[in-house]
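Participant: build the 3D model from these lines:
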Amino acid sequence: MTNQERAFFSQIVSSLFAPPDQEMMEQVAQGKLYSYLRNTISSWGGDMERLRGFHTMASPEILLMDLKEEYDRLFSDTGAERISLVESFYKPWTRDPHCTLPFATDKGFLMGDSAVHLSMIYGECGLEPETSFKGMPDHLVIELEFLSYLYQGGDNKVIRTFIEDHLDWIPCLKKELDRTHPHPFYTSALEILDLFLKKEIERLEGEA
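Facilitator: Reported below is the predicted structural model:
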């Protein structure tokens with residue numbers, strides 16, 4: 001893959017973790033998403049079973065309805081499972097040894113160190129998250145969009161640092177998702193993201 005192709009891939013995966021919309025469901029129902037990812041995963045020597053959740057006979061309308069319900073169940077603040085897609089949630093709120101707040105080293109909170117760090121980086125790049133992500137600059141959707149932005153800049157050292165510092169929580173998210181028996185769509189989305197990141201770390205370490 002070229003960095004331009006990696007940028008496009010990151011955008012695609014980012015959209016899989018955003019609230020489902022009609023356009024994406026049409027891509028899935030028509031088999032376009034599966035075909036694109038099959039070629040990509042095949043080039044990595046990956047198991048095609050990872051893509052099972054993108055192979056469906058359902059109409060776009062039915063798929064959209066099903067995935068909206070599942071997204072709400074899994075990822076909304078009021079959902080039955082309430083799985084967070086935010087990095088801060090999976091890490092100690094701060095590693096600042098001078099912070100005296102009683103929950104400073106606890107997990108499960110938003111706007112932790114990772115969020116503050118990313119807000120600063122976005123500002124330096126002249127970027128600003130969408131309004132819906134204002135209080136969650138380290139939401140997975142935003143992080144993957146930013147990764148796409150970094151690939152367009154082409155600095156491998158910066159890309160590797162970002163992946164290692166801000167996408168190292170994906171295994172924790174996988175464990176959380178596995179316990180909920182999710183729709184295969186979200187299992188596949190997380191599987192291909194995890195595989196991509198592992199392949200990227202291997203590549204970037206080899207090119208260092």
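Participant: any idea which element residue 135 lies in?
Facilitator: Residue 135 belongs to no helix or strand when assigned by DSSP states H and E.
Participant: residue boundaries of the strands in the protein?
Facilitator: Using DSSP state E, the chain contains no strands.
Participant: for it, what spans make up the helices?
Facilitator: 3-16, 22-29, 32-43, 60-75, 113-124, 140-153, 156-166, 170-178, 184-207 (DSSP state H).
Participant: now what about the third one, what contacts it?
Facilitator: Contact with helix 32-43 is made by 1, 9, 12, 24, 27-28, 47-48, 50-51, 54-55, 192, 195, as judged by C-beta atoms under 8 Å, 6 or more residues apart in numbering. (Each C-beta comes from the backbone N, C-alpha and C, glycine too.)
Participant: looking at the residues you listed, spot the one nearest residue 206.
Facilitator: Nearest to residue 206 among the contacts of helix 32-43 is residue 1, at 14.1 Å by C-beta to C-beta.
Participant: what is the burial count for the closest one?
Facilitator: Counted by other C-beta atoms under 10 Å, the residues lying close to residue 1 total 16.
Participant: by mean pLDDT, flag the weakest helix or strand of this protein.
Facilitator: Lowest by mean pLDDT, DSSP states H and E among the helices and strands of the chain is helix 32-43, with a mean of 90.
Participant: show me the contacts for the residue most central in space within the chain.
Facilitator: Among the residues of the chain, the one closest to the centroid is residue 140, at 4.1 Å (C-alpha atoms, centre = their mean). Neighbouring residues of residue 140 by C-beta under 8 Å, 6+ apart: 14, 17, 85, 86, 87, 173.
Participant: turn those into CSV, including neighbour count.
Facilitator: Listed next are the contacts of residue 140 as CSV, based on neighbours: other C-beta atoms under 10 Å:
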residue, neighbour count
14, 20
17, 19
85, 19
86, 26
87, 29
173, 22
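Participant: ok so, going back, go through the contacts of helix 32-43 and name the one with the lowest pLDDT.
Facilitator: Of all those, residue 47 carries the smallest pLDDT score, 81.
Participant: give me the neighbour count for the closest residue to that residue other than its chain neighbours.
Facilitator: Once flanking residues are discounted, residue 47 sits nearest to residue 41: 7.8 Å by C-beta to C-beta, 6 or more residues apart in numbering. Residues near residue 41, counting by other C-beta under 10 Å, number 19.
Participant: so for residue 16, what's the pLDDT?
Facilitator: The per-residue pLDDT reported for residue 16 equals 96.
Participant: how much space separates it from residue 172?
Facilitator: Per C-beta to C-beta, to the nearest Å, residue 16 is found 18 Å from residue 172.
Participant: between those two, which is the more surrounded one?
Facilitator: Neighbours per residue (other C-beta under 10 Å) separate residue 16 from residue 172, with residue 16 holding more: 24 against 15.
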